[in-house]
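1. after the sequence you'll find the predicted model.
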Amino acid sequence: MHAGKPAKDGADQPSNACRAGRANGRNREHGIAVLMVVVCLAVLLPFTASFNYNARVDWQSAVNQGDEIKARNLQRGAMRLSVLLFELQRLVFNQTLFQQYVGKMDITQVAPYLMSVFGSQDGGEGLGALLGLNTESLNELAVADGGFEVRLEAESGRVNVNCLGQTQGGKNRAQERTIEVLEALMMPTLYDPLFDEEKADGRRYTREQVIAGIVDYIDDDRRKFDVVRLRARSNPEDYRYDELHDRYQARNARLDSVDELHLVEGIDDDWMAAFAAELTVYGSCKVNLNFASADQIALVIRHSANEEGRDLVSGENFLLKTLPLAKFVVESREFSLFKKTEDFKQLVEQPDQFVNPLALMMGQQEQDDSLLPQIPQGIPIRLSGSKDEDDVMQGGVNDIANVDPERVYRVDITTEVGSVRKRVIGVYDMQYARSQSQGKGAWLYYREE
């Protein structure tokens, strides 16, 4: 190009090829940047997600740990409140003057209402509805975070299996009476599959074999027990507990827990599910009529029925007449406990002379009689055992039952705070002599779940 001459149009502008090359270079740079961003995100996202997950796990663990501590403290507080209830039973309900004016009462009748004041936000309202009082001020006593529920049960309403080890006999014949009650418990045909089917060891066990196994596991001798003769045989025990994979020996002493019956030959989980609720290892060898179940009451009625009532407790009449009468006794007992066994005898023989408890709950308004349960037929019974004309001993109520004040209670406490739920079961003896402090009362059994 010559100097001084104007350039041609477009001579100083880059060509199309140059512009395309530079554009491709910039596009390649953008692609690399996007690729680097994607790689960084791919690397950082797992770390971020893992960190976020671990942080949430640690946070939830800290919350659960705090709820765990709160639930445990609520458990301890509920157990201390339970001890106060036992003192209320001892100092108030067991006093003669209180029973003369109010009637015989037990702490198990009012414990759910009293403990709900502290264990739930609306517990005060339930107590107020029961007493007919304004209890809004009691709502401040309830725990603000979480709650707990306390259930009390009297152990004397169950059969004490430790009485099977009392081989010396005596006036009350504790072993014989306990065997009789266990036989009656397992007698209904409803439980036939428990004894007709093979157990895990491939053997079948009759009712008599199961009872004999329990007696031999508890008594202190080494001879096999005869359920028919109610005494030990001459041949030795041959249960071979020491030949199992997990070897052990027979206890040959009092049991510490009903769960130990799992170790007895012929007893499995199905048997325990059917009968364990009726058994205990605490208390006396007589069933307390104020706390016994309807099945236990029915057994007492059958044992003590006289000649006139024998037909009403035998065969199918046991299910049609005796059990309904026993359930009526339990319903009537909810309002007033028996002061003496004569009161029980009067209720069993003349149930129509007592006010139906369901009628009281329905109020004073007239109700259709068809809506109320029919009052069962009374059954004549004896208070004390006596011999009949054939010189055969006939049983009475006082032989196997009593109405003594309760001394051993089972406490079942369930606490719930957030997502944490805990349960503790304890057994308290009000008359147990303390060794490290003054007074009476101690925990005999304690288990956390």
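-> That came through fine. On a predicted model such as this, the values are computed, not experimentally measured, just so you know.
2. where along the stretch 251-400 of the chain do the strands fall?
-> For the stretch 251-400 of the chain, the strands defined by DSSP state E, counting those that start in this stretch occupy 279-280, 287-288, 386-387, 393-394.
3. so what does the third one touch, helix or strand wise?
-> With contacts defined as 3 or more C-beta pairs under 8 Å, 6 or more residues apart in numbering; DSSP states H and E, the packing partners of strand 386-387 are strand 393-394. C-betas here are computed from N, CA, C, even on glycine.
4. winner for burial among the strands of the stretch 251-400 of the chain?
-> strand 287-288 (a mean of 24; mean count of other C-beta atoms under 10 Å).
5. partner strands of that one and their direction?
-> strand 401-402 (parallel) (DSSP bridges).
6. which residues touch the partner strand?
-> Residues from elsewhere that reach strand 401-402, judged by C-beta atoms under 8 Å, 6 or more residues apart in numbering: 284, 286-289, 292, 300, 341, 344.
7. hang on, the earlier thing: so which of the strands of the stretch 251-400 of the chain gets nearest Q89?
-> strand 287-288 (14.1 Å; C-beta to C-beta).
8. need the contact partners of the closest one.
-> With C-beta under 8 Å, 6+ apart as the test, strand 287-288 has contacts from 154, 156-159, 181, 296, 300, 400-404, 406.
9. same deal with stretch 158-175?
-> Outside of stretch 158-175, the residues within contact range by C-beta under 8 Å, 6+ apart are 176-179, 181-182, 185, 214-215, 218-221, 230, 232, 253-255, 258, 261, 277-287, 292, 296, 399.
10. output it as PDB, restricted to C-alpha atoms.
-> The C-alpha trace of stretch 158-175 is given here as PDB (Å, rounded to 0.1, in the frame of the first residue of the first chain):
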ATOM      1  CA  ARG A 158     -52.300 -63.200  93.000                       C
ATOM      2  CA  VAL A 159     -51.200 -66.700  93.700                       C
ATOM      3  CA  ASN A 160     -47.800 -66.900  95.500                       C
ATOM      4  CA  VAL A 161     -45.900 -69.700  93.800                       C
ATOM      5  CA  ASN A 162     -43.300 -69.700  96.500                       C
ATOM      6  CA  CYS A 163     -45.900 -71.400  98.700                       C
ATOM      7  CA  LEU A 164     -45.300 -74.500  96.700                       C
ATOM      8  CA  GLY A 165     -42.000 -74.900  98.600                       C
ATOM      9  CA  GLN A 166     -43.700 -75.100 102.000                       C
ATOM     10  CA  THR A 167     -43.500 -78.900 102.400                       C
ATOM     11  CA  GLN A 168     -43.900 -78.900 106.100                       C
ATOM     12  CA  GLY A 169     -47.700 -78.700 105.900                       C
ATOM     13  CA  GLY A 170     -49.200 -76.900 108.800                       C
ATOM     14  CA  LYS A 171     -52.700 -75.700 109.700                       C
ATOM     15  CA  ASN A 172     -53.300 -73.800 106.400                       C
ATOM     16  CA  ARG A 173     -51.600 -76.500 104.200                       C
ATOM     17  CA  ALA A 174     -50.200 -73.800 101.900                       C
ATOM     18  CA  GLN A 175     -48.600 -76.100  99.400                       C
END
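11. for the chain, what spans make up the helices?
-> 16-88, 96-101, 107-119, 123-131, 174-186, 192-196, 207-218, 269-275, 294-304, 317, 323-333, 341-349, 357-361, 397-400 (DSSP state H).
12. tell me the most buried of these?
-> helix 294-304 (a mean of 23).
13. just checking, V92 touches F98?
-> Yes - under the criterion of C-beta atoms under 8 Å, V92 makes contact with F98 at 5.8 Å.
14. now the end-to-end length of stretch 331-348.
-> End-to-end span of stretch 331-348 (C-alpha to C-alpha, to the nearest Å): 12 Å.
15. please name the residues that touch G147.
-> Going by C-beta under 8 Å, 6+ apart, G147 touches 74, 119-121, 415-417.
16. let's see that with 6 Å instead.
-> Counting by C-beta atoms under 6 Å, 6 or more residues apart in numbering, G147 makes contact with 119-120, 416.
17. and what of D429?
-> 408, 442, 444 are the contacts of D429 under C-beta under 6 Å, 6+ apart.
18. kindly recompute the last result at 10 Å.
-> Neighbouring residues of D429 by C-beta atoms under 10 Å, 6 or more residues apart in numbering: 86, 155, 282-283, 407-409, 440-445.
19. ok, now E265?
-> So E265 contacts 199, 201, 203, 205, 209-210, 212-214, 216-217, 237-241, 250 (C-beta under 10 Å, 6+ apart).
20. what do you get for D242?
-> D242 makes contact with 248-250 under the criterion C-beta under 10 Å, 6+ apart.
21. hey, which strand is longest across the chain?
-> When the chain is parsed with DSSP state E, its longest strand is strand 420-433.
22. for it, what is the distance to the chain centroid?
-> Distance of strand 420-433 from the chain centroid (C-alpha atoms, centre = their mean, to the nearest Å) equals 12 Å.
23. shouldn't Q121 be in contact with A144?
-> Yes - counting by C-beta atoms under 10 Å, Q121 touches A144, with 8.4 Å between them.
24. quick one: which of those two has more around it?
-> It is Q121, of Q121 and A144, that has more neighbours when counted by other C-beta atoms under 10 Å, with 12 against 7.
25. okay, E208: pLDDT?
-> At E208, the model reports a pLDDT of 91.
26. name the nearest residue to Q109, ignoring sequence neighbours.
-> Leaving aside its sequence neighbours, Q109 sits nearest to E334 (C-beta to C-beta, 6 or more residues apart in numbering; 7.5 Å).
27. the contacts of G147 into TSV, with extra columns for distance to M79 and pLDDT?
-> Below are the contacts of G147 laid out as TSV (distance: C-beta to C-beta, whole Å; pLDDT from 0 to 100):
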residue	distance to M79	pLDDT
G119	12	81
S120	17	81
E416	16	90
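28. adding distance to I375, write these out as CSV.
-> CSV is the format used below for the contacts of G147 (distance: C-beta to C-beta, whole Å):
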residue, distance to I375
G119, 37
S120, 37
E416, 42
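29. ok, so of those residues, who is nearest V57?
-> Of all the contacts of G147, V57 sits closest to E416, with 22.3 Å by C-beta to C-beta.
30. quick revisit: how about JSON lines for the strands of the stretch 251-400 of the chain, with distance to D311 and mean pLDDT added?
-> Formatted as JSON lines, the strands of the stretch 251-400 of the chain follow (distance: least, C-beta to C-beta, whole Å; pLDDT from 0 to 100):
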{"stretch": "strand 279-280", "distance to D311": "30", "mean pLDDT": "92"}
{"stretch": "strand 287-288", "distance to D311": "24", "mean pLDDT": "90"}
{"stretch": "strand 386-387", "distance to D311": "19", "mean pLDDT": "71"}
{"stretch": "strand 393-394", "distance to D311": "15", "mean pLDDT": "73"}
